[in-house]
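Q: Have a look at this prediction, sequence included:
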Amino acid sequence: MLVDVGDTRLHVTERGSGDLPLFVLHGGPGLDHTMFGSYLDALGDLVRLLLVDERATGRSDRSPPETWTLAQHAADVEALAAAMGLDRYAVLGHSYGALIALQHAVDFAGRPAATVVSSGFPDARFLDHVEGELEAFEPIELREQVKSSWAREAHARTQEDMASIMADQTPFHFADPRDPRIGEMGDATYGPDVLRAAATGDYGAIAVEDRLGGVTHPVLVLAGRHDRTCSVAAAQAIVAGLPDAELAILEHSGHMTFVEENDAYVAAVRAFLLSAG
């Protein structure tokens, strides 16, 4: 369904029959909700999964580039809740979606019943190590392919551009760069303009580390031990700044935790949401 949030309409796919609505925010920027596949469906008895295509991506309507900010994405979550008549809900964001979820948590502290930050960071400085990770990436025969994919993000123009970038880059995001599940990723309706804008703007330039103390609702932070982008140190910094937070480290995962250790990921989210009430 398309939901009017004021200046645009966002596409929301609904799955599950649980009592608690859970907004699910995808990564990218420029991907869409299909990145989650069916990996979160096991939560459907507990939550009502509301998988969102963020503004100007996927099946959502277009919107002006000046609105593609973390603050606006965070406000979109509130607008969706209001438009859908939801007084109580939770938020789960992965990767870029985790930045939105974290921005939402500080901008609208106490509004969600709970927030899940999956593979995120609280400040753009936590991306400073990525260049070193790219230079050291193995297997060496995939290194130039992966490095090139990051460089090409700032020039993405078409669906084909983004499909090629994602195909070349995805091995970087798995603990095992030859994980057979890598080939299962890639059914998105891409937003190349959104990716290009983010790649030339520090991916939203998140800067909420000094505001985390004002978050009044519970937060679960998930991190992959071998994540080359969103480090465990970044996850620990988020938890350290929050009054009510849990940290779950998935020891055999890279960036794609919900794929790589799906059972452990779902179990951690389930336990957290049950404890959050």
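A: Nice, thanks for sending it over.
Q: Quick check: which element contains the residue nearest to residue 269 when sequence neighbours are not counted?
A: Nearest non-adjacent residue to residue 269, counting by CB to CB, 6 or more residues apart in numbering: residue 116, 5.9 Å away. Yep, even glycine has a C-beta here, placed from its N, CA and C like the rest. Per DSSP states H and E: residue 116 is located in strand 114-118.
Q: Against which helices or strands is that strand packed?
A: Applying 3 or more CB pairs under 8 Å, 6 or more residues apart in numbering; DSSP states H and E, one finds that strand 114-118 makes contact with strand 90-94, helix 96-107, strand 219-224, helix 262-276.
Q: Out of these, which one sits most buried?
A: When these are scored by mean count of other CB atoms under 10 Å, the highest mean neighbour count falls to strand 90-94 (a mean of 29).
Q: how far off helix 262-276 does that one point, in degrees?
A: With axes from the mean of the first three to the mean of the last three CA atoms, to 10 degrees applied, the angle from strand 90-94 to helix 262-276 works out at 150 degrees.
Q: tell me the helices in the stretch 151-277 of the chain, going along the chain?
A: For the stretch 151-277 of the chain, the helices defined by DSSP state H, counting those that start in this stretch occupy 159-169, 192-199, 232-241, 257-260, 262-276.
Q: same deal with the stretch 1-150 of the chain?
A: Taking DSSP H, counting those that start in this stretch, the helices of the stretch 1-150 of the chain run over residues 70-83, 96-107, 130-136, 143-152.
Q: would JSON lines of the ones you listed with distance to residue 10 and mean pLDDT be doable?
A: Formatted as JSON lines, those follow (distance: least, CB to CB, whole Å; pLDDT from 0 to 100):
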{"stretch": "helix 70-83", "distance to residue 10": "6", "mean pLDDT": "98"}
{"stretch": "helix 96-107", "distance to residue 10": "12", "mean pLDDT": "98"}
{"stretch": "helix 130-136", "distance to residue 10": "29", "mean pLDDT": "96"}
{"stretch": "helix 143-152", "distance to residue 10": "27", "mean pLDDT": "96"}
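Q: for the ones you listed, which one ends up most surrounded?
A: helix 96-107 (a mean of 27).
Q: Output that one in CSV with nothing but the alpha carbons.
A: Provided in CSV are the C-alpha atoms of helix 96-107 (Å, rounded to 0.1, in the frame of the first residue of the first chain):
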residue,chain,number,x,y,z
TYR,A,96,21.3,2.9,6.5
GLY,A,97,17.9,2.0,8.0
ALA,A,98,19.7,1.7,11.3
LEU,A,99,20.8,5.3,11.0
ILE,A,100,17.2,6.3,10.4
ALA,A,101,16.1,4.3,13.4
LEU,A,102,18.7,5.9,15.6
GLN,A,103,17.9,9.4,14.3
HIS,A,104,14.2,8.6,15.0
ALA,A,105,15.0,7.4,18.5
VAL,A,106,16.7,10.7,19.5
ASP,A,107,14.3,13.0,17.6
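Q: Show me what it is packed up against.
A: strand 20-25, helix 70-83, strand 90-94, strand 114-118.
Q: Let's have these in JSON lines, adding distance to residue 173.
A: JSON lines is the format used below for those (distance: least, CB to CB, whole Å):
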{"stretch": "strand 20-25", "distance to residue 173": "17"}
{"stretch": "helix 70-83", "distance to residue 173": "21"}
{"stretch": "strand 90-94", "distance to residue 173": "11"}
{"stretch": "strand 114-118", "distance to residue 173": "13"}
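Q: Out of these, which gets nearest to residue 189?
A: Closest approach to residue 189 among those is made by strand 20-25 (16.0 Å; CB to CB).
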